Each structure stands twice: as C-alpha cells, then as structure tokens.
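S.K.: build me a model from this:
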Amino acid sequence: MLEKMFKLTQNKTTAKTEVIAGVTTFMTMAYILAVNPSLLSDAGMEKNAVLIATALASFVGTLAMALLANYPFALAPGMGLNAYFAYTVCGAMGYSWQVALMAVFAEGIIFIILSLTNVREAIFNAIPFSLKKGVSAGIGLFIAFIGLQGAHLVVSNQSTLVSYVDFAGNFHTQGICAILALVGLFITVILYIKGFKGSILFGILATWILGMIMQAVGVYVPNPEAKFYSLYPAWGMVDLTDLGKTFGQCFTADFSGVSIVNFIVVLLAFLFVDMFDTLGTLIGVATKADMLDEKGKLPRIKQALLADAVATSAGAVLGTSTTTTFVESSAGVAAGGRTGLSSVVTGLLFLLAIFFSPIFCAIPGFATAPALIFVGFLMVSSILSVDFNDLTEAVPAYLCLLAMPLMYSISEGIAIGVISYVVINLICGKSKKITPLMYVLAVLFICKYIFL
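M.R.: Residues are numbered from 1 along each chain as shown. Take a look at the predicted model:
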C-alpha cells in the first residue's frame, strides 16, 4: 500500500528512512508549537486556542502536501508572517485579529486561484537556474543563522549587531546551552560522516538528553524570566474546547473603520511574503534533494503550491496566521526523506502534539540547533553549481545568498536576486537571457519596496 501511494522504490527510499526523516522534520519544527501561540497572544488571541490551531493547520497542510504532491515538505504557520500579523497588522495598524485572519483567508483563496491557473508555477519556472542555486545556498545560510541563534551561540550586540555569547557571564543558561549545541553539532557531523542512519535526529535527541543531565546536576539552571525553561518534558493535555475561541472567527471580523486601501495593503503584504517564501523554500529544499529536472523545474509543482494555498486558508479558519512550507523540511530531506510518507509522519506528529503538547514544547532550541546548522552546510554547497566565470549569473546568485540571512527573509533574498539579475543582464547587453516574467517580477519587487 505504501509503495503504491508514495512510490518508495522509484524514489530510492524505504519506509524506515521516510519515518526517520518525518520525525526529524517534526523535531526541528516543534518549536512553532510554543512560539506561535506566544506571538499571536500579543495580538489578543487565546494561547491554548492558537496552539491547537497551529497543530491542526500544520497537520492539514502537511497531509495535503503528502497526498496531493507526494513531497517530503512540511507546513506550519510561518515565522515572520506571524510577527507581521501580531505586531504590524494588529499592533501598529490597530486592526483586530479577526480582520487579520480574514486577510490571511483571502490571501489563501487568491493563492488557490493562482495555483490552479499556473501563475505560481510559471513564476517558479521563470527563475534562472543560477538564482535557484543561490536561493538554495541562501536558505542554507539562513537556517544556519537561525540555528546559531537557537543555540545561543550568536547573540545581539549593539556595536556589531551580532556577536558570540559570553560563555562565562551567563554560564548556567546561555553559556551551557551554547556548549551543548556545539557538542550536539559534533555528534551530528561525526555520525553523518560515519554513515549512521538518522544521524540528524539522533543528534537532536542526544543534545536534549545531555541538557537534561546538565539540569539534573545543576549545571543548567532554568530561568523562566529569561526564557530558559526546564528541559524535562511535562505530562498534560490541552483543553480541546479552547479551539472554539478562534475557529471561524475570521468570518466574524468587524470591518467598520477599516480602510479598504489599507486592507488591500495588508493583503498584498501577506501575499508577497508568503508567495516568495514558499517558492524559495520549494526551490531550496527540492534542489538539495535533487528533485528538479534537467530544466530546473519541479515536477508536480502545481500540486505542491495548491497544498500550500489550501493550508493557508484552512489555517485562517482554524485561527492562526499564514501556514506555509517550512524551510526546516530540509532537515528531513537531509535525513533521507524523498516522498510524502515523510510528510505524513510529520503531520501525524503535529496531530499527536495537540494531546501531548507540553512534551513537544519542551524540546529546547539548542537541541534542534545542531540539525539546522549542519543542514545549512549541506544546502550551501549548491552554490558550487553556479558558473562564477559568468558574473552576470554569479553576482545575482551571490546577492541572493547574502541577503537571506542578513535581511532575515527568504522573500527579500529572492527580491534582491531577481532585481539584480534583470538590471545586470539588461545593462550588460544580455537581455535575451531575461524572460518577460522576470521583467514583471523585477518591477513588482521594486513597487513593493516603494509602496509597501
């Protein structure tokens, strides 16, 4: 049955490998169950309701990706988009969270239409091969940077923006977390080199277990005020009836006093960021998994984009911000995931997390950090496929790679890459390489910076 549904042999994988990959992806994404409710509660939403909605939206989206497209890509409410939802739309602009949810729902409907009319597929295919490699490498640096932050190895600094952690100054919290993350990274790398199946997942579990041992002997000391919590998993269940506090609330939004122009601006902002975050993630993860064909196209891209669009609207109805394809899917791909079976496993774990969320929420950032840092290395190697002798191809790819971690956004990296590719090739007399759609994308990105 599994062979027939997911074509395991054709994709050169096994059920065991797919299960390990699915668990690995979930472990690297589980933080969203804790982070998303925390962020959206600042918009006035009830935490438990958002947690249930987050898990259900992730389950629905990931399962849709598995069954519609047979890809090992997992979906969840996207970071960045949830912050924009809470702090810009509901904060600075002063709209209710119900209005914000309606904007997300409308965005999903538009995406469904665009997916059915081949628009998003055409955009994916219009991006040049060199830029696709740059996107993949840029995502590698981006998730490595996320991992370094989760490990507390990289911290903010007023004079240099970022710096390394003061190991001695906060040894029992930041310091020991950073050290454990480094130990976990070495464990992961060594096991991977030795050909150990499930090396990335084992690295996460080993780092977490070491952390619990450090807490038991008093080396790691929880400090909830500084957001350093106990590493021991707790037992407990959430109140499932809380979902009623967010479910369907997008349809009850009060639009009195809401300017149609401002609502369209909010809708377009969600639309732009989600579209190019998703495209960037699909490009990056698919490139790493060698899923692109000889023309740089992704088979079944329409189904993948449709699954993403359905997840966005479903998530808004359930009560969460934009649900999108997660870059952490690359961890599962690195662990060998190649089919939708991996996604089914990840989706089922999200469903299970509703009932045992305190356990999954206990997975600390420093334990998943080694996986993200190492997967970043695996992805950044794709830049080697770019022809650095042709600067009209190499420089846009480089700028794309550079922008993603420094601007903390996949979509911004794609924007910089597209604009620079069109400008450089046009001025250097190589306009024949530029497709009409690339011109359109460049103009749209420039307009975004001017008007949004």
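S.K.: list the contacts of the helix or strand bottoming out on mean pLDDT in the chain.
M.R.: One helix or strand of the chain scores below all others by mean pLDDT, DSSP states H and E: helix 357-360, with a mean of 72. Around helix 357-360, the neighbours that count as contacts under C-beta atoms under 8 Å, 6 or more residues apart in numbering are 30, 33, 51, 55, 233-238, 349, 353. For the C-beta atoms, the positions are set from N, CA and C on the backbone; glycine is no exception.
S.K.: columns distance to residue 126 on top of these, output as a markdown table?
M.R.: Converted to a markdown table, those look like this (distance: C-beta to C-beta, whole Å):
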| residue | distance to residue 126 |
| --- | --- |
| 30 | 35 |
| 33 | 36 |
| 51 | 38 |
| 55 | 35 |
| 233 | 46 |
| 234 | 49 |
| 235 | 51 |
| 236 | 49 |
| 237 | 48 |
| 238 | 44 |
| 349 | 35 |
| 353 | 38 |
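S.K.: quick check on those residues: which are buried?
M.R.: In terms of neighbour count (16 or more other C-beta atoms under 10 Å), the buried residues within those are 30, 33, 51, 55, 238, 349, 353.
S.K.: shaky segments in this protein?
M.R.: 236-237, 360-361, 452 (pLDDT under 70).
S.K.: neighbouring contacts of stretch 111-119?
M.R.: In contact with stretch 111-119 (C-beta under 8 Å, 6+ apart) are residues 120-121, 271, 274-275, 302, 305-306, 308-310, 312-313.
S.K.: so of those, which ones are in helices?
M.R.: Judged by DSSP state H, the contacts of stretch 111-119 include 120-121, 271, 274-275, 302, 305-306, 308-310, 312-313 as members of helices.
S.K.: and residue 403, what element?
M.R.: helix 391-407 (DSSP states H and E).
S.K.: starting at the chain centroid, how far to whatever helix or strand comes next after that helix?
M.R.: Using DSSP H and E, the helix or strand that follows helix 391-407 towards the C-terminus is helix 410-427. Relative to its chain's centre, helix 410-427 lies at 22 Å (C-alpha atoms, centre = their mean, to the nearest Å).
S.K.: again with stretch 156-164
M.R.: 25 Å.
S.K.: assumed residue 162 was part of a strand.
M.R.: Yes. Per DSSP: H, G, I helix; E, B strand; the rest coil, residue 162 lies within a strand segment.
S.K.: was I right about it contacting residue 154?
M.R.: Yes. In this structure residue 162 lies within contact range of residue 154 using C-beta atoms under 8 Å: 5.4 Å.
S.K.: okay, and the common contacts of these two?
M.R.: Contact with both residue 162 and residue 154 is made by no residue, according to C-beta under 8 Å, 6+ apart.
S.K.: more neighbours, those two?
M.R.: Comparing residue 162 with residue 154 by other C-beta atoms under 10 Å, the one with more neighbours is residue 154, at 18 against 12.
S.K.: who touches the more buried one in this structure?
M.R.: Contacts of residue 154 (C-beta under 8 Å, 6+ apart): 145, 148, 162-165.
S.K.: how does it look with 10 Å?
M.R.: 144-148, 162-165, 178 (C-beta atoms under 10 Å, 6 or more residues apart in numbering).
S.K.: now swap in residue 353 and tell me
M.R.: Residue 353 neighbours (C-beta under 10 Å, 6+ apart): 26, 30, 32-33, 51-52, 54-56, 58-59, 238, 359-361.
S.K.: inside strands: which ones of those?
M.R.: Residues of the contacts of residue 353 located in strands (DSSP state E): none.
S.K.: nearest to residue 221 among the residues you listed?
M.R.: Relative to residue 221, the closest of the contacts of residue 353 is residue 361; by C-beta to C-beta it sits at 19.6 Å.
S.K.: got a winner among the contacts of residue 154 for most neighbours?
M.R.: When neighbours are taken as other C-beta under 10 Å, the top entry among the contacts of residue 154 is residue 147 (27 neighbours).
S.K.: how near is residue 56 to residue 319?
M.R.: Note on residue 56: its distance to residue 319, by C-beta to C-beta, to the nearest Å, is 9 Å.
S.K.: and these two? Which one has more around it.
M.R.: Neighbour count, other C-beta under 10 Å: between residue 56 and residue 319, residue 319 has more, with 28 against 23.
S.K.: the residue lying closest to that one once chain neighbours are set aside: how many residues sit nearby?
M.R.: In space, residue 319 comes closest to residue 246 once its chain neighbours are excluded; the distance is 2.4 Å by C-beta to C-beta, 6 or more residues apart in numbering. Neighbourhood size, residue 246 [other C-beta under 10 Å]: 24.
S.K.: thank you, goodbye.
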